[in-house]
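Trainee: take a look and give me a structure for this.
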Amino acid sequence: MQSLEPGSIGLDVGCGNGKYLAVNKDVFIIGSDRSSNLVSIATQHEPHAAIVADTLALPHQAGRFDFAISIAVIHHLSTPERRQEAVKAILECLKDGGQALIYVWALEQKHSRRGWDEGDDQDVMVPWVMKTGKDNPNADGTTEKTFQRYYHLYRSGELQADIASIGGEIVDSGYEKDNWWAICRKSSLKESG
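Mentor: A predicted model of the protein is given here:
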């Protein structure tokens, strides 16, 4: 991503508990997440802000932000159209020249503990275990509760294709730790009339 000037303003779309809000003290970030409980945790990362918002209906004015990040969010959307709509919503928030960093889970994880790879189903349910603690056991006495979370596992080139399909430009992209990532921006090409 481009170097950020002090005073830059950015978005963290799908910020969760806000762990990325305070990574650079010279910028101000507004986080958003669908979970009001996670947003209440994220608001503790002052001076940054966090709001409850849907990735597909961001409440921000178009063209106002210097940068955006969306880490491990878009792969939770269930159709190609919804994933592309999310990328479009993020890019629409950016100023001309602003860039977004997007991370998604990769299908190509044959060397990880998950072991997925080409040929495997791209749409999977992944168990997420929540510890309830010994002071708050479940009715059956256990101290864990398992939830199934939907993931679309992106194959090589798919994130770039989603970005291109909505008119975005890829600045850089790659693979890191079982994830595909792309730095992208709104197209700098002006449509001729």
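
Trainee: what's the biggest helix by length in the chain packed up against?
Mentor: Secondary structure of the chain per DSSP state H: the longest helix is helix 80-92. Under the contact criterion of 3 or more Cβ pairs under 8 Å, 6 or more residues apart in numbering; DSSP states H and E, helix 80-92 touches strand 9-13, strand 65-71, strand 94-105, helix 158-165, strand 168-176, strand 179-186. C-beta: built from backbone N, CA, C; applies to glycine.

Trainee: repeat that for 10 Å
Mentor: If contacts are counted by 3 or more Cβ pairs under 10 Å, 6 or more residues apart in numbering; DSSP states H and E, helix 80-92 sits against strand 9-13, strand 65-71, strand 94-105, strand 144-152, helix 158-165, strand 168-176, strand 179-186.

Trainee: how long is stretch 88-101 end to end?
Mentor: 13 Å (Cα to Cα, to the nearest Å).

Trainee: pull out the buried residues from it.
Mentor: The neighbour-count check on stretch 88-101 (16 or more other Cβ atoms under 10 Å) flags 88, 89, 90, 91, 92, 93, 94, 95, 98, 99, 100, 101 as buried.

Trainee: nearest to residue 143 among those?
Mentor: Residue 143 has its nearest neighbour among the buried residues of stretch 88-101 in residue 101, at 36.4 Å by Cβ to Cβ.

Trainee: is it true that that closest one touches residue 72?
Mentor: No - Residue 101 is beyond contact range of residue 72, at 11.6 Å (criterion: Cβ atoms under 10 Å).

Trainee: ok so, going back, dump the helices and strands packed on helix 80-92 into TSV; add distance to residue 130 as well.
Mentor: Below are the helices and strands packed on helix 80-92 laid out as TSV (distance: least, Cβ to Cβ, whole Å):
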stretch	distance to residue 130
strand 9-13	23
strand 65-71	20
strand 94-105	20
strand 144-152	5
helix 158-165	29
strand 168-176	27
strand 179-186	23
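
Trainee: need the winner for burial among the ones you listed.
Mentor: strand 9-13 (a mean of 24; mean count of other Cβ atoms under 10 Å).

Trainee: quick one, that strand and strand 65-71 angle?
Mentor: 20 degrees (axes from the mean of the first three to the mean of the last three Cα atoms, to 10 degrees).

Trainee: using CSV, write out every CA atom in stretch 159-169.
Mentor: Once non-C-alpha atoms are left out, stretch 159-169 reads as follows in CSV (Å, rounded to 0.1, in the frame of the first residue of the first chain):
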residue,chain,number,x,y,z
LEU,A,159,-9.8,-12.1,-5.8
GLN,A,160,-8.2,-10.2,-8.7
ALA,A,161,-11.1,-11.2,-11.0
ASP,A,162,-13.6,-10.0,-8.4
ILE,A,163,-11.8,-6.6,-8.2
ALA,A,164,-11.6,-6.3,-12.0
SER,A,165,-15.3,-7.3,-12.4
ILE,A,166,-16.4,-4.1,-10.6
GLY,A,167,-13.9,-1.9,-12.4
GLY,A,168,-11.2,-1.8,-9.8
GLU,A,169,-7.5,-1.9,-10.5
